[in-house]
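Q: The sequence isn't on hand, but the structure is:
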């Protein structure tokens, strides 16, 4: 049987997989970024054990990727930063996704028992 800490980390991975693969390819522009951030966070927060999600889409990175003929680009991990807090049976997994050397890196920040 997995420990509660292992299960919390597993749940975090499931949330990241869902977030990334559900929204990758979504048309985005700086004008639509805030509503897309909110939709992404709210969708993932619906999942079990997910306490909070923060999505920040970088307008400058989006603008750099826009095909200005069409006015938008497709959302990729390199255009956003994400933080999640997962609480499984009192064990909290804090995670983030950020761009490192042009690659969206998902990482475990901390795993701790709630006090």
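A: That came through, no problem. Keep in mind the model is a prediction, meaning the values are calculated, not measured.
Q: Are we agreed that residue 54 is in a strand?
A: Yes - the assignment for residue 54 (DSSP: H, G, I helix; E, B strand; the rest coil) places it in a strand.
Q: so who does it touch?
A: Residues near residue 54 by C-beta atoms under 8 Å, 6 or more residues apart in numbering: 41, 82, 83, 84. Yep, even glycine has a C-beta here, placed from its N, CA and C like the rest.
Q: Please apply the same query to residue 97.
A: 16, 20, 77, 80, 81, 82, 104, 105, 106, 107.
Q: Please flag which of those residues sit within strands.
A: Using DSSP state E, the members of these that fall within strands are 80, 81, 82, 104, 105, 106, 107.
Q: And these, which two are furthest apart?
A: Within the ones in strands among the contacts of residue 97, two members stand farthest from each other by C-beta to C-beta: 80 and 107, at 14.5 Å.
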